[in-house]
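K.L.:
sequence plus predicted model, see below.
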Amino acid sequence: METIAKDEIKRAVRNRYAQVAQTPSSCCAPSCCDGDRARTDAEARSRAMGYASEELAAAPEGANLGLGCGNPQAIAALGPGETVLDLGSGAGFDCFLAARQVGESGRVIGVDMTPEMIFRARANAERGGYRNVEFRLGEIERLPVADASVDVVISNCVVNLSPDKPRVFAEAWRVLKPGGRLAISDVVATAALPEHVRRDLELHAGCVAGAAPICEVEAMLRAAGFERVRVAPKDESRALIREWVPGTALEDCVVSAMIEAVKPG
């Protein structure tokens, strides 16, 4: 039953983001809008997550879908020449921002399990002339990336979507070079989620039902081999989460957090 449940969650997530990739709509929550308003709302959500106007203007049109729950660039401290891996890269927004920071001598790899997102991201890269960015189809539990080949792993509101988070962190540890770092923004639980929420596939795909408690996230990272683990909740994100699932009061149970860890060198 556990395997079937995991498959159901993955199927729901894949279907949800395939739909997002193929339409002008953009949001992590179950409700979305279209057209010009979608683009305006995506920018507004991204500013609320901590992205600067300069960052929003720098990415190719169509790359920012307003997905996510924070700005991993703020803690990643990327430098020229580094190799960056983005887990659940979507249409490529964070990859394109990372590419500006690592420069032509650096490299950015985006991995996403949704073919429609990969197609859209590759089109955005071609349109924007990003020669140091590539997108690979794959699952974050089984990364199509070589061992010890990445300096930094980033992600934005994706690990919570996985039904096998320990495997995700183990894979991140595997692909990181010694001394490499993890810098992600994700949704974590600050209180027990109601059982009906945890059984709701739409809320899993909406970045809420799969949130793990902070103590479990810390334990999973340490079990994977990471050191200097830090999970910093952002209480101000509750207003954003309230917009995702209005009328549910789930903002009292989950919050966005910045998650950092380092692979021993």
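P.N.:
Alright, I've got the coordinates. Note that the coordinates shown come from a computational prediction; the quantities given were computed from them, not determined experimentally.
K.L.:
hmm, Ala74 and Gln101 touching each other?
P.N.:
No. In this structure Gln101 lies outside contact range of Ala74 using Cβ atoms under 8 Å: 11.6 Å. Where C-beta positions appear, they are placed from N, C-alpha and C, glycine not excepted.
K.L.:
which ones are touching the spatially most central residue of the chain?
P.N.:
Centroid check for the chain by Cα atoms, centre = their mean gives Asn156 as the closest residue, at 2.5 Å. Asn156 makes contacts with Leu67, Gly68, Cys69, Gly70, Asn71, Pro72, Asp86, Gly88, Asp94, Ile184, Ser185, Asp186, as judged by Cβ atoms under 8 Å, 6 or more residues apart in numbering.
K.L.:
let's see 7 Å
P.N.:
By Cβ atoms under 7 Å, 6 or more residues apart in numbering, Asn156 lies in contact with Gly68, Cys69, Gly70, Pro72, Asp94, Ser185.
K.L.:
give me the buried subset of those residues.
P.N.:
Neighbour-count burial (16 or more other Cβ atoms under 10 Å) applied to the contacts of Asn156 gives Gly68, Cys69, Gly70, Pro72, Asp94, Ser185.
K.L.:
what's the separation between the residue lying closest to the first one once chain neighbours are set aside and Val84?
P.N.:
Taking Cβ to Cβ, 6 or more residues apart in numbering as the measure, Gly68 lies nearest to Asn156, with 3.8 Å between them; neighbours along the chain are not counted. According to Cβ to Cβ, to the nearest Å, Asn156 and Val84 sit 13 Å apart.
K.L.:
sec struct for Pro264, please.
P.N.:
Three-state assignment for Pro264 (DSSP: H, G, I helix; E, B strand; the rest coil): coil.
K.L.:
cool, and Asp86?
P.N.:
Following three-state DSSP, we place Asp86 in the strand state.
K.L.:
and the longest strand for the protein?
P.N.:
strand 176-189 (DSSP state E).
K.L.:
and after that one, which helix or strand comes next?
P.N.:
Next in sequence after strand 176-189, counting helices and strands by DSSP states H and E, comes helix 195-198.
K.L.:
now the helix or strand following that following helix: how far from the chain's centre is it?
P.N.:
Sequence order places helix 201-205 as the next helix or strand after helix 195-198, per DSSP H and E. When distances are taken as Cα atoms, centre = their mean, to the nearest Å, helix 201-205 is centred 15 Å away from the chain's centroid.
K.L.:
what about the longest strand of the chain, average pLDDT?
P.N.:
When pLDDT is averaged over strand 176-189, the result is 98.
K.L.:
please identify the buried residues of it?
P.N.:
In strand 176-189, counting by 16+ other Cβ under 10 Å, buried: Leu176, Lys177, Gly180, Arg181, Leu182, Ala183, Ile184, Ser185, Asp186, Val187, Val188, Ala189.
K.L.:
nearest residue to the second one in space, please, no chain neighbours.
P.N.:
By that I understand Lys177. The shortest distance from Lys177 to any non-neighbouring residue, by Cβ to Cβ, 6+ apart, is to Ala148 (4.9 Å).
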